[in-house]
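Colleague: Quick one, what's the 3D model for this:
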Amino acid sequence: MGMLSPDARVYVAGHRGMVGSAVWRALEARGLANLIGWSSSEVDLTDRDAAMDAVTSAKPDVVVVAAAKVGGIMANSTYPVEFLADNARIQTNLLEAAHAADVDRLLFLGSSCIYPKMAPQPIPESALLTGPLEMTNIAYAIAKISGIIGVQSYRSEYGRRWISAMPTNLYGPGDNYDLETAHVLPALIRRFHEAKESGAASVTLWGTGSPRREFLHVDDLAAACLRLLDVYDEAEHVNVGVGDDVTIAELAALTADVVGYSGALEWDSSKPDGTPRKLLDVTRMKSLGWEPLIGLREGLESTYAEYAARLP
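Modeller: Below you'll find the predicted structure:
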């Protein structure tokens, strides 16, 4: 196996995104200097020839697949064609190009939405493909599942030492704060910040606040990615999460406190809650010698500071 070599040439696909940029920071902090990244305007990964040319020319030793078309429930429900086709193309093209370039190590990053809607909690890796998916983001989930199977297929057919990781809900620097497409945590940060600025007496949130979710800081995920590249070489994907969760109401109260919004929080229970609980079983990842180090309040404080600093 062996550790990630300091002179390894690592291509981070999606290095401008929240996950890719965190992986890039972690690699730099580890002293790796031969890092490769292209913006989508430089290399369109949905274009097979463009992806093939770029990767076979660069000849990386390691590829991290952190490029994806992502969004919340609203975006997933509105654009299922794009979520399925773009993600399937990006993954297929990258795996094909990495194989053509004889890339020894590849890490494919999926998402916890690959699991059945009624999976056991916390969700073990073995729950994959054991039941129906959540319909609101089935197109994205199917694309990500096909990526896992793609990695396993290259392993079994060509002996590639490629692996997959499935992170839970992520947050941190570089997140998306567009209210139409944002995930729950950045949406809360933005809504409370704007309510604080405008002096709003209350903020109304969707649902009952009772669903439980876990939140992993993206820098903790990046550390897990490096650990996996160092020590893991098996076909089964690995969950990366905290192993602990909070209710959306608790999350909202904590976020409001961090942002400094002191108005009332109201819940519109006519709006959908989504899955009651989604917690990953992270026994395997922890057994590989990794622990999340950033607590939720600490992570929220640094994330809010980064968000506020970016505002005009």
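
Colleague: Which neighbours in the sheet does the longest strand belonging to the chain have, and how are they oriented?
Modeller: For the chain, the strand that runs over the most residues, judged by DSSP state E, is strand 161-167. Paired strands of strand 161-167, with direction, are strand 105-109 (parallel), strand 238-240 (parallel) (DSSP bridges).

Colleague: so which of these comes closest to residue 93?
Modeller: Distance to residue 93, taken as CB to CB, is lowest for strand 105-109 among the strands paired with strand 161-167, at 12.8 Å. Placement of C-beta: from N, CA and C, glycine included.

Colleague: Can you show me the CA trace of whatever helix or strand comes next after that closest one as PDB?
Modeller: Proceeding N to C from strand 105-109, the next assigned helix or strand is helix 138-158, under DSSP states H and E. Listed next in PDB are the C-alpha coordinates belonging to helix 138-158 (Å, rounded to 0.1, in the frame of the first residue of the first chain):
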ATOM      1  CA  ILE A 138     -33.000   9.600  -7.200                       C
ATOM      2  CA  ALA A 139     -31.300  10.900 -10.400                       C
ATOM      3  CA  TYR A 140     -28.300  12.100  -8.400                       C
ATOM      4  CA  ALA A 141     -28.200   9.000  -6.200                       C
ATOM      5  CA  ILE A 142     -28.300   6.700  -9.300                       C
ATOM      6  CA  ALA A 143     -25.500   8.600 -10.900                       C
ATOM      7  CA  LYS A 144     -23.400   8.300  -7.700                       C
ATOM      8  CA  ILE A 145     -24.200   4.600  -7.300                       C
ATOM      9  CA  SER A 146     -23.000   4.100 -10.900                       C
ATOM     10  CA  GLY A 147     -19.800   5.700 -10.000                       C
ATOM     11  CA  ILE A 148     -19.200   3.200  -7.100                       C
ATOM     12  CA  ILE A 149     -20.000   0.300  -9.400                       C
ATOM     13  CA  GLY A 150     -17.600   1.900 -12.000                       C
ATOM     14  CA  VAL A 151     -14.800   1.900  -9.500                       C
ATOM     15  CA  GLN A 152     -15.500  -1.700  -8.500                       C
ATOM     16  CA  SER A 153     -15.700  -2.700 -12.100                       C
ATOM     17  CA  TYR A 154     -12.200  -1.200 -12.900                       C
ATOM     18  CA  ARG A 155     -10.900  -3.000  -9.800                       C
ATOM     19  CA  SER A 156     -12.200  -6.400 -10.800                       C
ATOM     20  CA  GLU A 157     -11.700  -6.200 -14.600                       C
ATOM     21  CA  TYR A 158      -8.300  -4.400 -14.600                       C
END
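
Colleague: For helix 138-158, buried residues please.
Modeller: 138-148, 150-152, 154-155 (16 or more other CB atoms under 10 Å).

Colleague: Stretch 222-235 now?
Modeller: For stretch 222-235, by 16+ other CB under 10 Å, it's 222, 223, 224, 225, 226, 227, 228, 229, 230, 232.

Colleague: Which of those sits closest to residue 117?
Modeller: Comparing these against residue 117 with CB to CB picks out residue 224 as the nearest, at 25.2 Å.

Colleague: doesn't residue 284 make contact with that closest one?
Modeller: No: using CB atoms under 8 Å, residue 224 makes no contact with residue 284, being 11.0 Å away.
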